[in-house]
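> got a sequence here, can you model it:
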Amino acid sequence: MSKPSGKKGAVYQAPAVDKAVDILEYLSLQRDGATMKEIADGVGRSTTEIYRVALALERRSLIFKDPQTDRFSLSMRLFELSHQHPPSARLIGMAQPIMEDLAQSTLQSCHLSVADGERLLILASVDSPLSMHYRVKLGSSFPLTETSSGTVLVTFWRPEDQETIMGNLDPQARKAFEARVNAVKETDREVRASDVVDGIVNISTPIRDYTGRVRAALTIPFLKRKNMAHSEDDVIAQAVHAASQISAALGFVRRPPDNAPM
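As a prediction, the model looks like this:
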């Protein structure tokens, strides 16, 4: 590592750290992992440049290599570290009891998710108290544009950040996703039949912090049963209320519109 010049604003150079971050960022986007050669090509470096760094990351359990395929993937260690990070820990701590009450009152499972780059990460999950239920596994990751939670999150991104996601879609898929985003802007939620599982209706609503920024999405994968105690509309109302409770716990205060009567 080079020494600082002593001048104000001097920048330390840490090539090994840069390489490690490049590797982690690249692998975070590879659903099926990648070989050493693919990683090198993906980060624009030679295999020789990244070899020792990759081995160090493997030794520290941040990545792992499948012995059958020699493909590297991110380990759950990063997920565990993110849960220990104060902002994530605080969000989960505030949300967990409210989500548990929501699952008990609706008899439906629910989960809390956040954006992780261009993917969705399930940060917390509470199962329905019923013996038969549908759930999304804690720690699961999905493309943002393929989920209701992701759609809710992307809706409140800056236009230039939205473009990084939408720019990867083909014209037809982009048009459909933009329509979903516009609908969320109108209703502040998405209620949509699952594109993956028949019989599931995703009910997703945003969680805001004290600045008003959308930090997460609360989602119920609504499973309709015979002789249900709660209708879909009732579950939607309870999900919206629970999201408002979590937001309030994070310091969010909803401001009245400028034209509201005094």
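
> can you list the domains in this protein?
15-75, 82-249 (automatic domain parsing).

> quick one, which of the ones you listed is packed in tightest?
Compared across these, domain 82-249 shows the largest average neighbour count, a mean of 17 (mean count of other C-beta atoms under 10 Å). Using the backbone N, CA and C atoms, a C-beta is placed for each residue, glycine as well.

> and it, average pLDDT?
The average of the pLDDT scores along domain 82-249 is 91.

> what is the distance between it and the centre of its chain?
Relative to its chain's centre, domain 82-249 lies at 9 Å (C-alpha atoms, centre = their mean, to the nearest Å).

> kindly report the same for stretch 38-51.
Worked out by C-alpha atoms, centre = their mean, stretch 38-51 lies 27 Å from the chain centre.

> end to end, how far does that stretch reach?
End-to-end distance for stretch 38-51, by C-alpha to C-alpha, to the nearest Å: 12 Å.

> contacts for the helix or strand residue 95 falls within?
Using DSSP states H and E, residue 95 sits within helix 86-106. Residues from elsewhere that reach helix 86-106 (C-beta atoms under 8 Å, 6 or more residues apart in numbering): 82-83, 108-112, 114, 123-124, 126-129, 207, 215-216, 218, 220, 230, 234-235, 238-239, 242, 245-246, 249-250.

> now the strands for the stretch 51-200 of the chain?
Assigned by DSSP state E, counting those that start in this stretch, the stretch 51-200 of the chain shows strands spanning 63-65, 72-74, 110-116, 119-126, 141-143, 190-193, 200-208.

> now do the same contact list for residue 71.
Counting by C-beta under 8 Å, 6+ apart, residue 71 makes contact with 32, 33, 34, 35, 65.

> repeat that for residue 136.
Counted by C-beta under 8 Å, 6+ apart, residue 136 has contacts 109, 111, 122, 125, 219, 221.

> okay if I get these as TSV plus distance to residue 154?
Conversion of the contacts of residue 136 to TSV gives the following (distance: C-beta to C-beta, whole Å):
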residue	distance to residue 154
109	23
111	17
122	16
125	21
219	14
221	19
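
> nearest to residue 77, of the residues you listed?
Comparing the contacts of residue 136 against residue 77 with C-beta to C-beta places residue 122 closest, at 16.9 Å.

> grab the nearest non-local neighbour of that closest one.
residue 140 (4.6 Å; C-beta to C-beta, 6 or more residues apart in numbering).

> thank you kindly, that will do.
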